[in-house]
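[1] Next comes the sequence, and after it the predicted model I'd like to discuss.
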Amino acid sequence: MNPQRRARGARGLGLSPGAAIGPVWYLKDDVGEVPRLVLAAAQVDAEVARLEEAFRDAAREFRRLRDQNAAALPEAERRIFDAQLALYDDELLRQSVAARVRSGPLNAEAALKDEIDHLAQLFGRMDELYRERAADVRDVGNRIQRLLLRRKQEALAGSGPVILWARELLPSDTLTLDRGRLLGIVTEVGGEASHVAILARASGVPAVSGVQRFEALAPPGSTLAIDGRKGRLWVDPPPRLARAIERARASHVAERRRLQDGVDVGVARSRGLSLLLNSENFDNLDPTVLRSADGVGLYRTEFLFMGRSTFPSEEEQLAFYKDVLRHVDGREVTFRTIDVGGDKPLPYLVTPREQNPALGWRGIRLTFEWLDLLIPQLRALLRAAAHGPLKILLPMVTTVEEVRRARALLHELAADLRRQGLPHGDAVQLGAMIEVPVAALAASDLLREADFVSIGTNDLLQYLFAVDRNDLQVAHLYQPLHPAALRLIREVIRAGVAARRPVTVCGEMAGELLSTLALYGLGLRRFSMSPAHLPEARLVFRCFAPEEAAALVEGVLGLPTAADVGAILRAAAVERCGVDAQPFLPR
Ligand code: PEP
Ligand code: MG
C-alpha cells in the first residue's frame, strides 16, 4: 500500500466517542423480496390463521432472546425491548394486518409489509425521538416477516472483531450481536436519541451515523477506521493514519477506565456546584444516574406531545408531571414549556410554511398564539406543584414583555384554580431560556422579571454564529469556545450574580469536557447536561479548584480564535486531568 496516498473517507455525525480500526462487516436489515399474491375468498381464513401464528411465534422467539440477554443489558436497553414486546402483543397491529389480508384479499406477507411501511412512514415524519418508533415497528415487522417467509436472520459472520455497518441498527439486532466483537459501528441513519446511539454509548463502542452509500465507499474486505467523536471515517487508511487511530483508541479506552473508576460523585457538591440532568423521558434513564444528580435542570416537555395524534389533556399532563416528580423525589426539577416549531414540528399542529423556521414561530412565540396548548400545560404544571417543588422555564424568550406576559398568565390561572378549589403550588418559579442573542445581551433586564435563567447554548450558538445546528456543512463555524461567545456567556453569569438569581447552562456545552471547564472558569455554578456527560463534568470539577479554573479562563478570553482557546484548555485538561479532549461539534 502506498503510504502517501490520501485515504478515502467520509464525514458523518459522531454518536459515541472513541476510535476504532478493523474489517468492515455489513448487517443486512432487509428481509428480501416479499411476494404479493391476490387470494381467492376461500383462502382468506387460513391466511389470517397463518398470520396469527407468525405473530405468536415471533413474540415467543423475541421473548426468549430478551430473557436470555436481560441480565447483561443496561436498563436503557431493557426498556427498548420491553416496548417492542408490547408491539408483538399489540392487538391493534395484528388486526390492522388481518384487515389488509381480508380487504385485499392479499397474502399475509404483502399485507404485513404494507401495514409496517405505513406505520414506519407515519413515525418517520415525526420528531427524532419518535422516528425511533419507526425502527421498532420495522424491527418487529421483519421478525414476523422472516417467520412467514421461513427465512433466517444472518448472524454476525466470521470470528474476529469487526466494525459493523448497518443501514439502521434495529433494537433486536443488538440482542443477537456478539458485543465482544464489536470494535465500532457505522450507520446511515440514527441521531443522538437513536437506539444505535444508546447502545454504542452504553457499551463504550465508538459510532458514527449519517454515512450514505457506504457499500460503494467501502466494499466488503475493506479495512475501516473511525473517529466517533469527530464523526469521521476512513477506508483502508494508510499506515500512519492507522497508527494514529490505534493510539487514539488506546487512549480513549484508558480515559474511560479512569472516568469509570476514579471519579468522586460528591466532588461537585463539595465545590458548591449543582449538577443537573437534561431529560425528555425517564424511560432511558438509569435510576442510579438520576439519584447521583442534584435534580433535573431541563425537562423537555415537548416529547410528551409527540408520537400521538392529539394534544394530551390537562389531566393527562398532570398525571405525567406528578410521575416525574415522584422519580425526582424531592430534588429540583425544571419543566420547560412545550418547545415546538423550528426543527421540532408537531404533526397535529399545522402551522404556516415559513422561509426560516429557526427564526420563526417556535417556542414561546408559538404557544402564546396557541393558548389552547399553553393554558392546559401551565394549569397542569401549577397543579403538579402541589405535589412537589417544580420550576417552569420558557423556551426561546426574546423580550422582557414575553416573561411579563407569561407571569400574568400564571397569576390568572392560579386564581382560576383557587376559585375552582383545585390544589396547586403558590410560588412556582418562572424562568427564561437564554437562546436568542438579544436575550443574552439583556440578561440583567430579564432577571428583573424572571426568577432564574437557563442558557440554551445549543440555540444561542446557532444564532450567534448564524450556523444551523444540524448542518454538517457549516459545522466548523459553530464554535462553543469562541472567546466572544464565552465573553457573552460571562455577562449572563455576572448578571445572575448581581441579581442574586440562579443561572444554569443546559445546552451541550455544560457537559463537554473543554466547554465545561470554560463555563466553570467563567463562574458558572449550575450545569445541566445529558446523563452521559456527568463523568466528564465531574472529572473537570475534581481536577480544578474554582479559582484555578477562573484564572485559566481569564487568560484565554482575550485571545482571537476558538482554536487558541481550545489549545490552552486542552493542554490544561491533559496536564491536570490526564485526558485529551477535543472541542465538540454542534448537536
Ligand atoms: C438549547 O438550545 O441549548 C437547549 C437546551 O434547548 P434544545 O436543545 O431543546 O433546543
Ligand atoms: Mg433550544
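    Ah, there it is. These numbers come from a predicted model, not from an experiment. Numbering: from 1, shown residues only. Ligands and ions are numbered 1, 2, ... in the order given.

[2] Am I right that Ile21 is in a strand?
    Yes: Ile21: assigned to a strand according to DSSP: H, G, I helix; E, B strand; the rest coil.

[3] which residues does the closest residue to it other than its chain neighbours contact?
    Spatial nearest neighbour of Ile21, chain neighbours left out: Ala225 (4.3 Å); criterion: Cβ to Cβ, 6 or more residues apart in numbering. Glycine gets a C-beta too; all of them are placed from N, C-alpha and C. Contact partners of Ala225, counting by Cβ atoms under 8 Å, 6 or more residues apart in numbering, are 7, 19-21, 233-234, 237, 241-242, 245.

[4] got it, and Lys113?
    34, 141, 145 are the contacts of Lys113 under Cβ under 8 Å, 6+ apart.

[5] what do you get for Ile375?
    Contacts of Ile375 by Cβ under 8 Å, 6+ apart are 409, 413.

[6] The same query, at a cut-off of 7 Å, please.
    Going by Cβ atoms under 7 Å, 6 or more residues apart in numbering, Ile375 touches Leu413.

[7] Can you name the residues of the stretch 451-587 of the chain that neighbour ligand 1?
    456-459, 506-507 (Cβ under 6 Å from any ligand atom).

[8] And those residues, which two are furthest apart?
    Across these, no pair lies farther apart than Asp459 and Cys506, at 10.6 Å, counting by Cβ to Cβ.

[9] Please identify which of the two sits among more neighbours.
    For Asp459 versus Cys506, neighbours defined as other Cβ atoms under 10 Å are more numerous around Cys506 (30 against 23).

[10] mind listing what's buried in the host helix or strand of Val48?
    Using DSSP states H and E, Val48 sits in helix 44-69. By 16 or more other Cβ atoms under 10 Å, the buried positions in helix 44-69 come out as 44, 47-48, 50-51, 54-55, 58-59, 61-62, 66, 69.

[11] likewise stretch 352-363?
    Using 16+ other Cβ under 10 Å as the test for burial, stretch 352-363 gives 361-363.

[12] which one of the residues you listed sits closest to ligand 2?
    The nearest member of the buried residues of stretch 352-363 to ligand 2, counting by Cβ to the ion, is Gly363 at 7.5 Å.

[13] In space, what's closest to that closest one - neighbours in sequence excluded?
    Nearest residue to Gly363, sequence neighbours excluded (Cβ to Cβ, 6+ apart): Met396, at 2.7 Å.

[14] From Trp361, how far off is that neighbour?
    10 Å (Cβ to Cβ, to the nearest Å).

[15] now do Ala225
    Distance from Ala225 to Trp361, counting by Cβ to Cβ: 44 Å.

[16] Repeat that for Gly507.
    Gly507 is 22 Å from Trp361, where distance means Cβ to Cβ.

[17] Go through the buried residues of stretch 352-363 and flag which are in strands.
    With DSSP state E as the criterion, strands contain none of these.

[18] Could you tell me which ones among those residues also sit near ligand 2?
    When Cβ under 5 Å from the ion is applied, no member of the buried residues of stretch 352-363 is adjacent to ligand 2.

[19] want to try TSV for those residues, with pLDDT as columns?
    Formatted as TSV, those follow (pLDDT from 0 to 100):
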residue	pLDDT
Trp361	90
Arg362	92
Gly363	94
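
[20] on that earlier part again, list buried members of the contacts of Lys113 by neighbour count.
    Here, 16+ other Cβ under 10 Å leaves 141, 145 buried among these.

[21] Tell me which stretches of the stretch 401-550 of the chain form helices.
    Using DSSP state H, counting those that start in this stretch, the helices of the stretch 401-550 of the chain run over 437-441, 443-449, 457-465, 483-499, 513-521, 534-543, 546-554.

[22] For those, could you give me CSV that also reports mean pLDDT and distance to Ala134?
    CSV is the format used below for these (pLDDT from 0 to 100; distance: least, Cβ to Cβ, whole Å):
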stretch, mean pLDDT, distance to Ala134
helix 437-441, 98, 35
helix 443-449, 98, 39
helix 457-465, 94, 24
helix 483-499, 98, 36
helix 513-521, 96, 33
helix 534-543, 88, 30
helix 546-554, 97, 43
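
[23] out of the ones you listed, deepest packed?
    Of all the helices of the stretch 401-550 of the chain, helix 513-521 has the most neighbours on average by mean count of other Cβ atoms under 10 Å, namely a mean of 27.

[24] May I have that one exported as CSV, CA atoms only?
    The C-alpha trace of helix 513-521 is given here as CSV (Å, rounded to 0.1, in the frame of the first residue of the first chain):
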residue,chain,number,x,y,z
LEU,A,513,-15.2,18.5,28.9
LEU,A,514,-13.4,21.6,27.5
SER,A,515,-16.5,23.7,27.5
THR,A,516,-17.5,22.6,31.0
LEU,A,517,-14.1,23.8,32.0
ALA,A,518,-14.6,27.1,30.3
LEU,A,519,-18.0,27.6,31.9
TYR,A,520,-16.7,26.6,35.3
GLY,A,521,-13.9,29.1,34.9
